[in-house]
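Student: need a structure here:
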Amino acid sequence: MARRKPRDHSRPGPRHERSGPAWLYGAHAVLAALANPRRQSRRLVLTASAAESYGRELARLGSPPAETASREEIDRLLPAGAVHQGMALAADPLPEPDLEEILSRLPEGRGLVVVLDQVTDPHNVGAILRSAAAFGADAVLLPERHSPGATGLLAKAASGALDLVPLVHVVNLARELDRLKAAGFWCVGLDSEADRSVADVDLTGRIGLVLGAEGAGLRRLTRERCDLVVRLPTRHRLASLNVSNAAAIALYEIARRR
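Tutor: Residues are numbered from 1 along each chain as shown. Below is the predicted model of the structure:
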């Protein structure tokens, strides 16, 4: 039976619109969304193979009734080239908390917030979210402008972490850094040209890890808001790493100190 092709909600719109459902895809992203009580799931589409492989877990999660479709039919629901592993879920976007709400839930003297200064590639933001979840970060902050929304592509790259770590878009990044510092956070910028290594500084207590855009690095105003700027101890011939790799290493170092 022919199915009506739904509107593609996974492509980013202006100002990170959150009004309608978006398509999430890939096993990790879909299962994490179904396990998240803050998600409102609308439509679950599976291949017969995926339904067989994940049937018990889907039943445990209380997923909505699933439609069975071919891989080609699921392909047509999603952006070109989406690697969906036979699973797609239309779900409402998550409500974004503000920074004050996040800070109010943190224990005294503890907290780790990742701040992204115009990191535009959704693959990088998704990978950073995944590392943030792995190493215990409490939130990832990024500006509303010049950064990706919580699209299906970002969710796939995050491998389920979009439903584990709050992704918070803010209007004014410099102002939010000031709010972090007022709450007792030590804001540490990462820059390959910095004089001090991340291994040489105290990373205990409340930390805001600040990373700049791919290629451009930290903007001047963002850098000025940091309490200190450090580098990773890489060899000179390859001083700069991809921002998601740099974030993972720095987050590991912070977790190791704790």
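Student: in stretch 85-105, which residues are buried?
Tutor: For stretch 85-105, burial by neighbour count (16 or more other CB atoms under 10 Å) applies to 85-94, 99, 102-103. The C-beta positions use only the backbone N, C-alpha and C, and glycine is treated the same way.
Student: low-confidence regions, this protein specifically.
Tutor: For the chain, the stretches with pLDDT under 70 are 1-19, 236-239.
Student: show me where it has helices.
Tutor: Counting by DSSP state H, the chain has helices at residues 27-35, 48-61, 71-77, 99-104, 122-134, 152-158, 173-182, 220-225, 243-257.
Student: what's the closest of those to residue 200?
Tutor: helix 243-257 (11.0 Å; CB to CB).
Student: then the closest one to CSV, C-alphas only?
Tutor: Output of helix 243-257 as CSV, limited to C-alpha atoms (Å, rounded to 0.1, in the frame of the first residue of the first chain):
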residue,chain,number,x,y,z
VAL,A,243,37.4,20.1,17.9
SER,A,244,35.5,17.0,18.8
ASN,A,245,38.7,15.1,19.4
ALA,A,246,40.1,17.9,21.4
ALA,A,247,36.9,18.0,23.5
ALA,A,248,37.1,14.3,24.2
ILE,A,249,40.7,14.5,25.4
ALA,A,250,40.1,17.5,27.6
LEU,A,251,37.0,16.0,29.1
TYR,A,252,38.9,12.8,29.8
GLU,A,253,41.6,14.8,31.6
ILE,A,254,39.0,16.6,33.7
ALA,A,255,37.3,13.3,34.6
ARG,A,256,40.7,11.7,35.4
ARG,A,257,41.4,14.5,37.9
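Student: residue contacts, the residue nearest to residue 42 when sequence neighbours are not counted?
Tutor: Computed as CB to CB, 6 or more residues apart in numbering, the closest residue to residue 42 that is not its neighbour in sequence is residue 90, at 4.4 Å. Taking CB atoms under 8 Å, 6 or more residues apart in numbering, we find residue 90 in contact with 6, 9, 21-24, 41-44.
Student: weed out the non-buried ones from those.
Tutor: Those of the contacts of residue 90 that meet the buried threshold are 9, 21-24, 41-44, by 16+ other CB under 10 Å.
Student: the buried residues of stretch 85-105 in strands, which ones?
Tutor: Members of the buried residues of stretch 85-105 lying in strands (criterion: DSSP state E): 87-91.
Student: in JSON lines, list those residues along with distance to residue 193.
Tutor: Shown next, in JSON lines, are those (distance: CB to CB, whole Å):
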{"residue": "87", "distance to residue 193": "43"}
{"residue": "88", "distance to residue 193": "43"}
{"residue": "89", "distance to residue 193": "43"}
{"residue": "90", "distance to residue 193": "45"}
{"residue": "91", "distance to residue 193": "42"}
